[in-house]
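# coordinates only, no sequence provided:
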């Protein structure tokens, strides 16, 4: 059955459009200025745009994606859905590997719940990271890649894991990266001290993303005067990889976000929340896999205030930051929030275009979420 969404503020890849988005059988059937002969929902005065795709979040609404039951994971996914996230990739935080394994299995169960229609799959952040770039990841559980851990986990959980963040310099022969590629898991460099030689080898073997650029990523180093590129410079140099950024307005100042986009291009940058379980709550402190943090100045910090520990933002906050603080157009912001993440995972969504899945968020002019559609199903309406 066809139905249409009408608005004068439809956000398309090339600008704002006044007309109708017609959806049928879970897909966008037509985008037209002509009134259709079907049920019409008038959303005039509201932005209609592609649903947000958050590929890096540890939780929200007081629900952790690492230390929660399947039902609580569903609740966390629903929480993010009410903030515009129509596709979510819950992140499993570094910890004792049995706990990480259990988290993946819980995500696998949660994915079957129809309330979590936005749940795509799991993102493993660690434990194969650099100890010197651990950030808020539990340092006591960081190690080199262990086949006896990761092979059984992937085999046990099928296609549940869709992304894995690791430090390329700890994968000397690229055995782990090759394994990820062979199993359709997106390999991402993060919490890493890699040099260009490490990055180049990883890219040749399937690396396609850098996790939260400028956060726990190496830069130029010198050895007796001779300089080596780090992860940051490798990201700028190599067109094959995309840059993930935490666009909460705290981790990266607007000028730095603009610089990243200027160098990489708008279609090579994916904006994420990297939100913690306390996002959307009044909590002032918390613990993630044994690592304590505080909430201060609108961001999570390690308890000694030496570094950030993650964000308390939701995807609608990212939209406000990208548009109001960084100066991007809504179409450009939509590319970073939706189209680029969709392309990374080969999804048939991420922008309002005929033939793509009808994952749609409706926002008022303050960028507050009013309604959510996931593959034509009306999942949420703001009753306030």
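Right, received. Where do you want to start? The structure displayed is predicted, hence computed values, not measured ones. Residues are numbered from 1 along each chain as shown.
# state the mean pLDDT of stretch 93-102.
For stretch 93-102, mean pLDDT rounds to 96.
# dump the residue contacts of residue 61.
Applying CB atoms under 8 Å, 6 or more residues apart in numbering to residue 61 gives the contacts 75, 76, 79, 80, 277, 279, 280, 281. Bear in mind the C-beta positions are built from the backbone N, C-alpha and C, glycine included.
# my bad, residue 133
167, 191, 192, 193, 216, 217, 218.
# find the nearest non-adjacent residue to the first one, please.
Right, the one you point to is residue 167. In space, and not counting its chain neighbours, residue 167 is closest to residue 192: 3.8 Å by CB to CB, 6 or more residues apart in numbering.
# now the second one
Take residue 191 and drop its neighbours on the chain: the residue closest to it by CB to CB, 6+ apart is residue 129, 3.9 Å away.
# what do you get for the last one?
Sequence neighbours aside, residue 230 is the residue nearest to residue 218 in space, at 3.4 Å (criterion: CB to CB, 6+ apart).
# can you get me the start-to-end distance on stretch 183-202?
Stretch 183-202 has an end-to-end distance of 16 Å (CA to CA, to the nearest Å).
# likewise for stretch 35-43?
With CA to CA applied, stretch 35-43 spans 14 Å between its terminal residues.
# for the nearest residue to residue 168 once chain neighbours are set aside, give me the pLDDT.
Nearest-residue entry for residue 168: residue 202, 4.0 Å, with adjacent residues in sequence omitted and distances by CB to CB, 6+ apart. Looking at residue 202, its pLDDT is 98.
# let's verify residue 202: helix, strand, or coil?
Counting by DSSP: H, G, I helix; E, B strand; the rest coil, the backbone at residue 202 sits in helix.
# if I pick it, what's in contact with it?
Shown here is residue 202, whose contacts under the criterion CB under 8 Å, 6+ apart are 168, 171, 174, 177, 187, 189, 194.
# follow-up on the earlier one: out of the contacts of residue 61, list just those in helices.
If you go by DSSP state H, these have 75, 76, 79, 80 in helices.
# turn these into TSV, including neighbour count.
What follows is the ones in helices among the contacts of residue 61, written out as TSV (neighbours: other CB atoms under 10 Å):
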residue	neighbour count
75	20
76	29
79	22
80	29
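# list just the nearest of those to residue 11.
When those are compared for distance to residue 11 (CB to CB), residue 80 wins out at 19.8 Å.
# quick one, what contacts that closest one?
54, 57, 60, 61, 88, 118, 275, 314, 315 are the contacts of residue 80 under CB under 8 Å, 6+ apart.
# mind redoing it with 7 Å?
Taking CB atoms under 7 Å, 6 or more residues apart in numbering as the criterion, residue 80 is in contact with 54, 57, 60, 88, 314, 315.
# outside of the one helix or strand the fourth one maps to, which residues touch it?
Yep, that's residue 88 we're talking about. Element membership of residue 88, judged by DSSP states H and E, is strand 85-93. Outside strand 85-93, the residues that touch it by CB under 7 Å, 6+ apart are 51-58, 65-66, 73, 77, 80, 100, 103-104, 107, 118-125, 137, 162-163, 288-289, 315, 347, 349, 359, 361, 372, 374.
# and that strand, how far from the chain's centre?
Its chain's average C-alpha position is 7 Å from that of strand 85-93, according to CA atoms, centre = their mean, to the nearest Å.
# what's downstream of it, the next helix or strand?
Next element after strand 85-93 (DSSP H and E): helix 97-110.
# centroid residue for the chain?
For the chain, the residue sitting closest to the mean C-alpha position, by CA atoms, centre = their mean, is residue 55 at 2.2 Å.
# can you map out the helices along the stretch 201-350 of the chain?
231-237, 254-264, 315-320, 330-334, 340-344 (DSSP state H, counting those that start in this stretch).
# returning to that earlier point: out of the contacts of residue 133, which is nearest to residue 258?
Within the contacts of residue 133, proximity to residue 258 (CB to CB) peaks at residue 217, which comes in at 18.4 Å.
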